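Visitor: Just need the structure, nothing else, for what follows:
(chains A and B)
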Amino acid sequence: MTNTNHLIKDTKADRVFKVFLYIFIFLAVAIVVYPLVYIISASISSPQSVNSGAMWFFPKDITWEGYGVILKYKDIWRGYGMTIFYTVTGTLVSLILTIPCAYAISRPDFSGKKWFTSFMLVTMFLNGGLIPTYLLIRNMGMIDTVWAIILPGAASVYNIVVTRSFFQSSVPWEMQEAAKIDGASDFQIFFKIVLPLSAPIIAVMALFYGVGIWNSYFSALVYLQNKALYPLQMVLRQILVLQDMQQGAATGANVTASAAQAAYDKATLAAIIKYGVMIVSSLPVIIVYPFLQRFFVKGVLIGSLKG
Amino acid sequence: MAAATATVSAPKQKKTREPLFSKRRLKQNWQLYILILPAFLSFLIFSYIPMYGILIAFKDYVPTLGIWGSPWVGFKYFKQFFDSYYFWDLIRNTIGIQVYGLIVGFPLPIILALALNEMKDGFWKKFAQTVTYAPNFISIVVMGGMLIAFLDPSTGIINHALGFFGVKPIAFMSDPKWFKTVYVLSGVWQGTGWGSVIYLAALAGVDPSLHEAAIVDGASRVQRIWHINLPAIVPTMVILLIMNVGSLFSMGYEKILLLQNPLNMSSSNVIATFVYSQGLINGQYSYAAAVGLFNAAINAVLLISVNAIARRVSENSLW
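Guide: As a prediction, the model looks like this:
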């Protein structure tokens, strides 16, 4: 609530408050921005000046070597390709599961509405957990297939409920009822009347599911052993997270000289590319985010209407 | 009015407990049933069949015998878990990390939302929102990589900065003492902005005339925030608090798994990561499933009791 009442002047206390307010907001923004700026600067600075702490804000000893190595790093680009594939197909599958189902349970005259909603909600509180789910996927022969990444988490109860709230609040039921009286079938109502009015919710859901799939690594960690199928996040994990441990293990334990050298080479490679890799992997999300931010926010807001 | 209700209730009386899947109902709505079919199958297969798989927690699961064919062992694996020397460590770590995260992480989005709400609409407000929401969209793998890079004792920027002030390098990632702080504060960095969205929505619903009246009565901004804005978001706070406390035992462990290493294990091993390593790394399916079931049971009890308390204390509850 901004102070729009100009008839009454700000008191002194209010002016002091304003100063503190802007200092607080500035600090919050700075805390968020600094690490991001640091990553960008570090990605084009020489590893020496980054590691020594000489580079702390603006790039120093600018070099594009890191990005050069990344460009030639096959695993990263294969991972990129796989992630794009998982994101596109996964989002499509999720939308096909979410939108029609959410529409059906938004219909006040649908006889299956109640039991199906409880059928879904139960899974939010009760579920098999990690191990039984893993065994199921294994028994279905989906280990080391793309289906293990795409199918198991494709329908999210939360997202279905959010979408249902959208249909209930934004697509007037009277209009659908009128079409029904005119003899339209449920399919016709859904495809010809409701879907054309649902662009905002489809966008929101595509974003929620898409970003989720783009950023996830866990299902790949659990279900994939074949590195050719690894999504980008798994490749990143090897570069950013595991490298560090290997290095620690190599220096800690008594290892042969060649193994230590190999580990050392890997560590220097990681030092050159790690910041660039963070940028490259987040690029699609970074690019779309400022334009689509309001859609993300809208998604949260629709969800909070009827939690 | 009376006539209207009479006509509405007339067909209701006719409805003599029709079975859930009567021919008439299916015929009337069959196209809607087709629309829910894909989602129905998805939940049936990936959520309900694994529920049946929980049986292995009470069995000695042998893959070749299948879930039903494996021999029953009753509560053997639960007992094994309760009697293990790491039982209390796991519980302590699980609760410790979550409670720490709740105490530090819960108030911050509220404070940020109240502050953002005081800003004049315009470029800077938009800018502050866009920036503070952004970390939410960074993947946890990148987040883990950032932490490992920034907190490195010899090359990390944090230790360089500490060195500038004469503080000796701290091994944040390998010192168990620091693990929980690293985990919680990085979560705060990532989640505070996005967490404020829902409070901002509640604040947008505050009636402006309340503020106008308060201004006329000479209330300062701080007083208006305290007496008008804060009460307006209390229901949202209660709901979120219930959900947070209710999910104390269902923490997202994907980030912990990334930050975990043998050196900080004594502080970073929680029930969920234990289930992962026992089950999927060591192949102890039955044992891991039993531990997971125990975790889920605590979780359910917690959620139900917190909700009951919230309902008694205030009017806000999940159900």
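Visitor: Excluding covalently adjacent residues, which one is nearest to the residue in chain B that chain A sits nearest to?
Guide: Residue nearest to chain A within chain B: B:Pro50 (2.4 Å; CB to the nearest CB). Placement of C-beta: from N, CA and C, glycine included. Of all residues not flanking B:Pro50 in the chain, A:Gly128 sits nearest, at 2.4 Å (CB to CB, 6 or more residues apart in numbering or on different chains).
Visitor: tell me the secondary structure for that neighbour?
Guide: A:Gly128 falls in the coil class when you classify it by DSSP: H, G, I helix; E, B strand; the rest coil.
Visitor: which residues in chain A form strands?
Guide: Assigned by DSSP state E, chain A shows no strands.
Visitor: what residue ranges in it score low on pLDDT?
Guide: A:1-10, A:243-257, A:304-307 (pLDDT under 70).
Visitor: Quick one: residues contacting A:Ile239.
Guide: A:76, A:270, A:273-274, A:277, B:145 (CB atoms under 8 Å, 6 or more residues apart in numbering or on different chains).
Visitor: just those residues now: which is nearest A:Ala42?
Guide: Ranked by distance to A:Ala42 (CB to CB), these are led by A:Lys274 at 8.4 Å.
Visitor: could you measure the closest one against chain B, distance?
Guide: Here the criterion is CB to the nearest CB, to the nearest Å. By it, A:Lys274 lies 6 Å from chain B.
Visitor: quick one, domains of chain A?
Guide: Using automatic domain parsing, the domain parsing of chain A gives A:12-63, A:68-227+A:295-305.
Visitor: Point out the most buried one among these.
Guide: domain A:68-227+A:295-305 (a mean of 18; mean count of other CB atoms under 10 Å in any protein chain shown).
Visitor: Pretty sure the residue nearest to B:Pro50 sits against A:Tyr134.
Guide: No: here A:Gly128 lies out of contact with A:Tyr134, judged by CB atoms under 8 Å, at a distance of 9.2 Å.
Visitor: circling back to that earlier point, could you grab the helix/strand/coil label for the residue of chain B closest to chain A?
Guide: helix.
Visitor: Report how many residues lie close to it.
Guide: By other CB atoms under 10 Å in any protein chain shown, the residues close to B:Pro50 number 23.
Visitor: and it, what is it in contact with?
Guide: A:127-129, A:132-133, A:135-136.
Visitor: how about 10 Å then?
Guide: A:123, A:127-137, A:152, B:289 (CB atoms under 10 Å, 6 or more residues apart in numbering or on different chains).
Visitor: So what's the residue count around B:Asn136?
Guide: The burial count for B:Asn136: 16, using other CB under 10 Å.
Visitor: ok, now B:Tyr133?
Guide: When neighbours are counted by other CB under 10 Å, B:Tyr133 comes out with 21.
Visitor: Now the helix or strand encompassing it - C-alpha only, PDB.
Guide: Following DSSP states H and E, one finds B:Tyr133 within helix B:123-133. Listed next in PDB are the C-alpha coordinates belonging to helix B:123-133 (Å, rounded to 0.1, in the frame of the first residue of the first chain):
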ATOM      1  CA  PHE B 123      10.000   0.200 -12.200                       C
ATOM      2  CA  TRP B 124      12.000  -0.300  -9.000                       C
ATOM      3  CA  LYS B 125       9.300  -2.400  -7.400                       C
ATOM      4  CA  LYS B 126       9.000  -4.600 -10.500                       C
ATOM      5  CA  PHE B 127      12.800  -4.800 -10.600                       C
ATOM      6  CA  ALA B 128      13.100  -5.800  -6.900                       C
ATOM      7  CA  GLN B 129      10.500  -8.400  -7.400                       C
ATOM      8  CA  THR B 130      11.900  -9.900 -10.600                       C
ATOM      9  CA  VAL B 131      15.400 -10.100  -9.000                       C
ATOM     10  CA  THR B 132      14.300 -11.600  -5.700                       C
ATOM     11  CA  TYR B 133      12.100 -14.200  -7.400                       C
END
